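Enquirer: Need a 3D model of the sequence below.
(2 chains)
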Amino acid sequence: SQQGEEDPQALSIQEGENATMNCSYKTSINNLQWYRQNSGRGLVHLILIRSNEREKHSGRLRVTLDTSKKSSSLLITASRAADTASYFCATDYDFGKGTKLTVNP
Amino acid sequence: GAVVSQHPSWVICKSGTSVKIECRSLDFQATTMFWYRQFPKQSLMLMATSNEGSKATYEQGVEKDKFLINHASLTLSTLTVTSAHPEDSSFYICSAQGSGANVLTFGAGSRLTVL
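Expert: Next up, the predicted model:
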């Protein structure tokens, strides 16, 4: 089953702008994770947020979690062309469909 | 940091042959390994979960006789696609999890093309 559902499915922005991706899930979780995947490559873990946390930061990444709404968001600030990739949220071991982010130079 | 090596990164084979993909945790002991399949422009679909020394647990709809998974040691799991057919062409990704760890470490993936 696929718990996480990201939106938007695709996002195109200019370098320097912020990118926000959202994820919704269906059942209770222990934690939620965000991963990044460059085209045709394996996934890289970005950040984990536990169910008792509401916000977490890592460099230019900011993740929020709202367990009452069963949703999470990933914000990438001051985006760079190198941030172009697909981003997935995951609950336990199930992955959403991902958001394909394109950052135009 | 934790590293997972997946090999081969790509393979082309003829229909009817079997292909083995290896997944190794290089600097940690992976008590659990996961195998995913990814179709173009789609998310990862969990195929099976394997724990060292025991039989893999397959997700619904995944043929266990078609996709043989072996997790013989704490650092190695293999996926064998038996009698491969063109519809098995896909990107296969493994991930590993150490004891008590929350995060998964992914391999770089293996692109299988069956002619």
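
Enquirer: drop to CA atoms for contacts and neighbour counts, all remaining ones
Expert: OK.

Enquirer: Tell me who's in contact with the closest residue to residue B:14 other than its chain neighbours.
Expert: Spatial nearest neighbour of residue B:14, excluding adjacent residues (CA to CA, 6 or more residues apart in numbering or on different chains): residue B:115 at 5.0 Å. By CA atoms under 8 Å, 6 or more residues apart in numbering or on different chains, the contact list for residue B:115 reads B:12-15, B:85-86.

Enquirer: mind redoing it with 10 Å?
Expert: Residues in contact with residue B:115 (CA atoms under 10 Å, 6 or more residues apart in numbering or on different chains) are B:12-16, B:84-89.

Enquirer: cool, residue A:22 as well?
Expert: A:4-9, A:63-65, A:71-75, A:88-89, A:98-99.

Enquirer: again, only using 7 Å
Expert: Contact partners of residue A:22, counting by CA atoms under 7 Å, 6 or more residues apart in numbering or on different chains, are A:6-7, A:72-74.

Enquirer: Please apply the same query to residue B:82.
Expert: Shown in contact with residue B:82 (CA under 7 Å, 6+ apart): B:17-19, B:66-67.

Enquirer: thinking again about what came up before, mind checking which of the contacts of residue B:115 land in helices?
Expert: Among those, no member falls in helices (DSSP state H).

Enquirer: Quick one, which of those are buried?
Expert: B:13, B:15, B:84-85, B:88-89 (16 or more other CA atoms under 10 Å in any protein chain shown).

Enquirer: can you pull out the strands in the chain?
Expert: I went with chain A, as the question did not name one. With strands called from DSSP state E, chain A shows them at A:5-7, A:10-14, A:19-24, A:31-37, A:43-50, A:55-58, A:61-66, A:71-76, A:85-91, A:94-95, A:99-104.

Enquirer: wrong one, chain B
Expert: Using DSSP E, strands in chain B cover B:4-7, B:10-13, B:19-25, B:30-38, B:44-51, B:57-58, B:67-73, B:76-81, B:90-98, B:105-106, B:110-114.

Enquirer: No more questions from me, cheers.
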